[in-house]
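J.: for reference, the sequence and a predicted model appear below.
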Amino acid sequence: MWQQKFADVHVNDLPANAFSALEFASLDFFPNIHKLLQILSTLPVTTATAERSFSSTRRLKTYLRNTMQEERMNGLALIAIHRDVKIDSKRVVDEFATQKSRRLNIIL
C-alpha cells in the first residue's frame, strides 16, 4: 500500500528525506511505516559528538586517573566537550562558597 501511494507521483514530488515522508505516513493507515520513519528521522547522521565525548573522557581519565571522583570526572568531561559554553567564574565561586562552610573551628 505504501508503494502504491507513490506509484503515480512524479519523481520531483517524492519526499526527499524521512522527516518529510513522515507527513505522508498516516498513523491510522501506516502505523509501522510511521514508527519506522519516526525512528529514522531521530537517528543521528554522524557519531562525532559521541566520539568527541569518549576521546575527552579518555584524555581526562588517563591524566587524572587516581585522584578523581566520578562527579568531578563528569564535570570536567562536560567542560571539555562543551567548550562553546561560557562559564562565569564569579558565579561558580559564589555557588561553591554557599554550599557549606569550609572553615575548621579551632578550639583553644
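T.: That came through, no problem. Residues are numbered from 1 along each chain as shown.

J.: so Gln38 sits against Leu22, correct?
T.: Yes: with the criterion set as Cβ atoms under 8 Å, Gln38 and Leu22 qualify as a contacting pair; they are 6.4 Å apart. For glycine as for every other residue, the C-beta is placed from the backbone atoms N, C-alpha and C.

J.: which SSE is Asp94 in?
T.: For Asp94, the enclosing helix or strand under DSSP states H and E is helix 89-99.

J.: so Gln38 and Leu22 - more neighbours on which side?
T.: Neighbour tally, Gln38 and Leu22, criterion other Cβ atoms under 10 Å: the higher count belongs to Leu22, 17 against 14.

J.: not counting its neighbours along the chain, what's nearest the more buried one?
T.: When the adjacent residues along the chain are set aside, Leu22 lies closest to Leu37, with 4.6 Å between them (Cβ to Cβ, 6 or more residues apart in numbering).

J.: helix or strand: which one has that neighbour?
T.: In this structure, Leu37 is located in helix 31-42 according to DSSP H and E.

J.: fine by me, thanks again.
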